[in-house]
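In: Test case, fold it:
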Amino acid sequence: MTLSTDVYVLDEIDAAEVFRRCQELLAEFDDAKRGPDRQRSGVSESWRGGGKLMANEPDQGLSAWLMLHYREGGPLTTAEQAAAHEDHCDAECSGQYHDQACWLSVDFDTAYSYHGPNAMGCGDLHAVLVAQLGEWLTRKGIRWTWRNEFTGEVHGNPESLINLVSGGFAASAWFRTTVVPAIAAGMFDEPGAR
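Out: This next block holds a predicted model:
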């Protein structure tokens, strides 16, 4: 199980520049101190029609899997595209997990079991990464928001990151007290595997 935190960059900016900054942020929490040039990454087609995905390869031992969705020469999702998505939802849809209109989106993905320096959990890590990326974007005059995976709410203020920290604590506690014991008890084994 993982915590996935999205940052929506609302104004035009070079995707490669944002990706490199995110890699620099990840290097701060990497015991091997791998900077952007030592983190394996690549570009592929995104699941978002016509978009691209710039991502670090998973399983490198980094604190988070970094994925950046963008579209060459234009915004990833226009306001019209975001609104059209809402037109296709069923009556039960609250809209809280809809795509946001943005130039590009960054996704940090970390295992709930993450333990970093100073007893940092996954929510703490994401709060720091989002705050540092947001500060960098703000200094450049670029607007941004972030989505709390636990609630689906999109926030435009850095003060709301405290919710991510408490949500990460709850996710980590759930993982330690519910999932790990269930795995140890063999509840997820295939029938006949024992």
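
In: so after the helix with the most length in the chain, what's the next helix or strand?
Out: Counting residues, the longest helix found in the chain (DSSP state H) is helix 122-139. Next helix or strand after helix 122-139 toward the C-terminus (DSSP states H and E): strand 144-147.

In: Strand partners (parallel or antiparallel) of that following strand?
Out: Sheet pairing for strand 144-147, assigned by DSSP bridges, gives strand 2-9 (antiparallel), strand 154-155 (antiparallel).

In: just those: most buried one?
Out: Greatest average neighbour count among these goes to strand 2-9 (a mean of 21), per mean count of other Cβ atoms under 10 Å. (Glycine included, C-beta is placed from N, CA and C.)

In: Quick one: mean pLDDT over that strand.
Out: Averaging pLDDT along strand 2-9 gives 94.

In: what angle do that strand and helix 122-139 make?
Out: Relative orientation of strand 2-9 versus helix 122-139 (axes from the mean of the first three to the mean of the last three Cα atoms, to 10 degrees): 10 degrees.

In: Can you pull out the residues in contact with the helix or strand that strand 2-9 is followed by?
Out: Where DSSP H and E defines the elements, the next helix or strand beyond strand 2-9 is helix 15-27. Helix 15-27 has contacts (Cβ atoms under 8 Å, 6 or more residues apart in numbering) with 9, 33-36, 39, 41, 52, 54, 56, 62-64, 66, 68, 70, 104, 106, 108, 129, 132-133, 136-137.

In: Can you flag the buried ones in the residues you listed?
Out: Neighbour-count burial (16 or more other Cβ atoms under 10 Å) applied to the contacts of helix 15-27 gives 9, 34, 39, 41, 52, 54, 56, 62-64, 66, 68, 70, 104, 106, 108, 129, 133, 136-137.

In: any idea how far residue 117 is from the residue lying closest to residue 35 once chain neighbours are set aside?
Out: Of all residues not flanking residue 35 in the chain, residue 27 sits nearest, at 4.9 Å (Cβ to Cβ, 6 or more residues apart in numbering). With distances taken as Cβ to Cβ, to the nearest Å, residue 27 is found 13 Å from residue 117.

In: Much appreciated, bye for now.
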